[in-house]
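Asker: Generate a structure from the sequence data that follows.
(one chain, ligands or ions: 1)
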Amino acid sequence: MRFPFLFATRGCRAVYRLHQKQFLSPVPPLWEHRSSAALSTQLCKDDRSYYITTPIFYVNASPHLGHLYSAVLADCLHRYKLLQGFNSKFATGTDEHGLKIQQAAEAAGKDPLTFCTGVSKQFRHLFSSCNISYTDYIRTTEQRHREAVEHFWSVLWNKGLIYKGSYEGWYSTQDESFLMPSQVGDALDSLGKEIKVSLESGHKVEWMKEENYMFRLSAFQSQLLDWLRGNPQAVQPERFHQAVLKWLQEDLPDLSVSRQRSRLQWGIPVPGDDEQTIYVWLDALVNYLTVAGYPDKHNQWWHVARHVIGKDILKFHAIYWPAFLLGAGLPLPQVIHVHSHWTVGGKKMSKSLGNVVDPLERSQMFTADGMRYFLLRQGVPDSDCDYTDDKVAKLLNAELADSLGGLLNRCTAPALNPAQVYPSFCPQSFPRAHGGRAVHEDYHMLDAIQKLPAVVEKHYEAMHIYKALEAISVCVRLTNGFVQRHTPWKLDRKNNEDQRWVDTLIHISLECLRIYGTLLQPIVPETSNKLLSRLGVQPHERSWAGLNFLARYQGMDCPFEGRALGSDSGVLFSRLEPHNADKQKPKKTKKSANLK
Ligand code: MSP
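Answerer: Here you go, the predicted structure:
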């Protein structure tokens, strides 16, 4: 049997598939922004659509730090796209079916739906506490999802891609995953009993033998290889792309996509066969389509879908999911953004080790912005990162409280800026050709900040958020160096020339801060809002298109010049005591209070 490699080929979608091959960013860098208007009018309306998802979270236990990380990454990309003027949809939610949840509900002595509702609420609460600005929160127990799954199953069935068969092999309930014998090893459980475990996750596996429905996964091997080879950006970072290619060169057997109802009751029954329950991963993956409006209203969103996932669920997203989609005749996700894991003391977080980090508690301790900044600044998608409270406190003190907060404080302090305005820029003091009071390093700084939005854009697009934050942090240091070099507080304000120079120094510094505040909005929305409000930048002036750094230096008008600063002169980000970070909430120290 041959299955056509179905890519949409009409109208807008054809244009988008071209993008996918050479894709980096559909939006030109900032300094070419004005000319991009002409280009975007040629593109179809939905070329400005963007659809980003997190994995849906299992409700067998409370949320942990790794879950928040997946959500913060996706939230950052969603907010960034909104700033760029995209129509962005952002979905998250909970994965509520399957044996693992059925067993967890039993252990808690609750009926499954009540149990799921309780834990799903915990995720929702965590996300709202951390400003995760999802536009849709899906639960797989919802009716709209059941309809989407049933429809999806019927499409595969009608195409002859599902058949009744018999499965015999290893199954890990914890991972809800079938394993090949080569993926299983020996281990001892906590009582010293010999058990079989998954070599990848370390979770216990059991032998199962069942009559169930099988999906013709093997038929898609070469199409999946073609897709990955033709779209080198499809799975990012590169090492995960390579891992999937490698898996695909090995044996790819058909996949069991149902369980006997007698073993698994908590799930969606196979349409037309009440004796079988749909495999939880097939059920769960369809959530991305449900949110897009499947089966009849998904087109706008479905061809621009991107998934943020952790490395442990790569196989499900980069092999099973694309194969299901190909089978159903639907476009494949544009990008699968993969991230690595957070460990504690070098070990995987687990209840039995007692090293699970509670993200809600930490976001109360370090603030929501503090946790978001830490996770995105320290988290490297390519490799695992180790979490400690001490690291969080040190990083936030150095970069948000001292470096960024200190800069804002210096430049807006009444001693230096008694009129509390965005002062004027004097082109004679800082001429485009060298010759005024500015020195070589100052020109270097302007150049670096002028280029910063394009640098940040490149890193946001690739989900290298830590690189974007590193670039911003370097520029904040350059601006602090600029202020320090010229010591405006030592100049004689009664002298007109000095006064113009002080104003120019402050104007430039505030312009730098405005760029940092705008670019940081996807990372630390509350802190950015505070910073931009203090600078007097209105909400409609905070978009990517409005960045336009130091217009006066380019000979253009600056809308901020002469404008009153915002009245909230409070500390931008309060310092934390590293040694007490485990116990204490942020408090104002003498130093930060003085920075007002
Ligand atoms: N329910 C499935 C996903 C179905 S999507 C169609 C699932 N859920 S999960 O709750 O176990 O994991 C959700 C996300 O959290 C995954 O992206 C996973 O990689 C991530 N993390 C779980 N532990 C993690 C860390 N220790 N560190 C970082 N992220 C980790 O899988």
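
Asker: Next, find the distance separating the residue of the chain found nearest the ligand from residue 263.
Answerer: Taking Cβ to the nearest ligand atom, the ligand has its nearest neighbour within the chain at residue 310, 1.6 Å off. Every C-beta, even on glycine, is put in place using the N, C-alpha and C of the backbone. Using Cβ to Cβ, to the nearest Å, we find residue 310 at a distance of 27 Å from residue 263.

Asker: With just CA atoms, put stretch 305-320 into CSV.
Answerer: Below are the C-alpha coordinates for stretch 305-320, written out as CSV (Å, rounded to 0.1, in the frame of the first residue of the first chain):
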residue,chain,number,x,y,z
ALA,A,305,1.6,24.5,14.5
ARG,A,306,4.8,24.2,16.7
HIS,A,307,5.2,22.1,19.7
VAL,A,308,7.5,22.7,22.7
ILE,A,309,8.3,19.3,24.3
GLY,A,310,10.8,17.8,26.7
LYS,A,311,13.4,15.3,25.4
ASP,A,312,11.7,12.3,27.1
ILE,A,313,8.7,12.6,24.8
LEU,A,314,10.5,13.1,21.5
LYS,A,315,9.7,9.7,20.0
PHE,A,316,6.0,10.3,20.5
HIS,A,317,6.1,13.8,18.9
ALA,A,318,8.6,13.2,16.1
ILE,A,319,7.7,9.7,15.0
TYR,A,320,4.2,8.6,16.1
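
Asker: Check the average confidence over it, would you?
Answerer: Here stretch 305-320 scores 97 as its mean pLDDT.

Asker: Kindly report the same for stretch 184-193.
Answerer: Mean pLDDT, computed over stretch 184-193, is 89.

Asker: Over to stretch 357-375?
Answerer: Across stretch 357-375, the average pLDDT comes to 97.

Asker: now do the same end-to-end measure for that stretch.
Answerer: With Cα to Cα, to the nearest Å applied, stretch 357-375 spans 13 Å between its terminal residues.

Asker: near the ligand at all, that stretch?
Answerer: No: using Cβ under 6 Å from any ligand atom, stretch 357-375 stays clear of the ligand, with a minimum separation of 8.8 Å.

Asker: which other residues reach that stretch?
Answerer: Residues outside stretch 357-375 that contact it (Cβ atoms under 8 Å, 6 or more residues apart in numbering): 62-65, 67-69, 72, 76, 125-126, 129-131, 342, 344, 349, 387, 389, 391-393, 395-396, 399-400, 469, 523-527, 573, 576, 581, 584-586.

Asker: redo that, cut-off 6 Å
Answerer: Residues outside stretch 357-375 that contact it (Cβ atoms under 6 Å, 6 or more residues apart in numbering): 65, 68-69, 72, 126, 129-131, 387, 392, 395-396, 523-524, 526-527, 585.

Asker: Count the residues that sit near residue 352.
Answerer: Residue 352 has 7 neighbouring residues, counting by other Cβ atoms under 10 Å.

Asker: how close does it sit to residue 61?
Answerer: Between residue 352 and residue 61 the computed distance is 12 Å (Cβ to Cβ).

Asker: got the phi/psi numbers for the residue of the chain closest to the ligand?
Answerer: In this entry, residue 310 is assigned phi and psi values of phi -90, psi 160 (degrees, to the nearest 10).

Asker: Now do the contacts for it.
Answerer: Going by Cβ under 6 Å, 6+ apart, the list of residues near residue 310 reads 70, 339.

Asker: what bridges to it?
Answerer: With DSSP bridges as the criterion, the beta-bridge partners of residue 310 are residue 339.

Asker: still on that earlier bit, which of the contacts of stretch 357-375 fall within helices?
Answerer: Those of the contacts of stretch 357-375 mapping onto helices are 65, 68, 69, 72, 126, 129, 392, 395, 526, 527, per DSSP state H.

Asker: Of the residues you listed, grab the buried ones for ChimeraX.
Answerer: The following ChimeraX line selects those of the ones in helices among the contacts of stretch 357-375 that are buried, judged by 16 or more other Cβ atoms under 10 Å:
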select :65,68,69,72,126,392,395,527
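
Asker: Leaving out sequence neighbours, find the closest residue to the residue positioned nearest the centre of the chain.
Answerer: The geometric centre of the chain, computed from its C-alpha atoms, lies nearest to residue 73 (Cα atoms, centre = their mean), at 1.7 Å. Nearest residue to residue 73, sequence neighbours excluded (Cβ to Cβ, 6 or more residues apart in numbering): residue 308, at 5.1 Å.

Asker: which bits of the protein sit near the ligand?
Answerer: Listed as neighbours of the ligand in the chain under the rule Cβ under 6 Å from any ligand atom: 55-58, 66-67, 69-70, 95, 284-285, 287, 309-310, 312-313, 341-342, 349.

Asker: Try it again at 5 Å.
Answerer: By Cβ under 5 Å from any ligand atom, the residues of the chain that approach the ligand are 55-58, 66-67, 69-70, 95, 284-285, 309-310, 312-313, 341-342.

Asker: where does this structure dip in pLDDT?
Answerer: Flagging of the chain using pLDDT under 70 yields the residue ranges 1-46, 578-596.

Asker: end-to-end on stretch 487-505?
Answerer: Start-to-end, stretch 487-505 (Cα to Cα) is 9 Å.

Asker: about what we covered before: wait, doesn't the residue nearest to residue 73 sit right on residue 72?
Answerer: No: Residue 308 is beyond contact range of residue 72, at 9.6 Å (criterion: Cβ atoms under 6 Å).

Asker: Burial check on the spatially closest residue to residue 173 that is not a sequence neighbour, number of neighbours?
Answerer: The shortest distance from residue 173 to any non-neighbouring residue, by Cβ to Cβ, 6+ apart, is to residue 99 (4.9 Å). Residue 99 is flanked by 19 other residues according to other Cβ under 10 Å.

Asker: got it, and residue 446?
Answerer: 20.

Asker: Over to residue 431?
Answerer: Residue 431: 13 neighbours (other Cβ under 10 Å).

Asker: So it versus residue 438, what's the distance?
Answerer: 8 Å.

Asker: Over to residue 164?
Answerer: Residue 164 sits at a distance of 77 Å from residue 438 (criterion: Cβ to Cβ).

Asker: what's stretch 198-210 in contact with?
Answerer: Here stretch 198-210 makes contact (Cβ under 6 Å, 6+ apart) with 167-168, 170-172, 174-175, 179, 183-185, 195-197, 260.

Asker: ok so residue 336 is a strand residue?
Answerer: Yes: counting by DSSP: H, G, I helix; E, B strand; the rest coil, residue 336 is located in a strand.

Asker: so who does it touch?
Answerer: Counting by Cβ under 6 Å, 6+ apart, residue 336 makes contact with 235, 307, 317, 318.

Asker: Can you tell me which of the residues you listed is nearest residue 48?
Answerer: Residue 48 has its nearest neighbour among the contacts of residue 336 in residue 307, at 19.9 Å by Cβ to Cβ.

Asker: Tell me what angle the one helix or strand that closest one maps to forms with strand 335-339.
Answerer: Using DSSP states H and E, the element containing residue 307 is strand 305-310. Counting by axes from the mean of the first three to the mean of the last three Cα atoms, to 10 degrees, strand 305-310 lies at 20 degrees to strand 335-339.

Asker: so which helix or strand takes in the residue lying closest to residue 89 once chain neighbours are set aside?
Answerer: Leaving out its chain neighbours, the residue that sits closest to residue 89 by Cβ to Cβ, 6+ apart is residue 51, at 4.6 Å. Taking DSSP H and E as the criterion, residue 51 maps to strand 49-53.

Asker: If you count neighbours, what's buried in stretch 379-391?
Answerer: Under 16+ other Cβ under 10 Å, the buried positions of stretch 379-391 are 379, 381, 385, 387, 389.

Asker: Now the first one. Nearest residue, chain neighbours left out?
Answerer: Think residue 379. residue 385 (5.6 Å).

Asker: In which helix or strand does the closest residue to residue 290 other than its chain neighbours reside?
Answerer: Spatially, and ignoring its direct neighbours in sequence, residue 290 is nearest to residue 148 (4.0 Å; Cβ to Cβ, 6+ apart). Residue 148 belongs to helix 143-158 when assigned by DSSP H and E.
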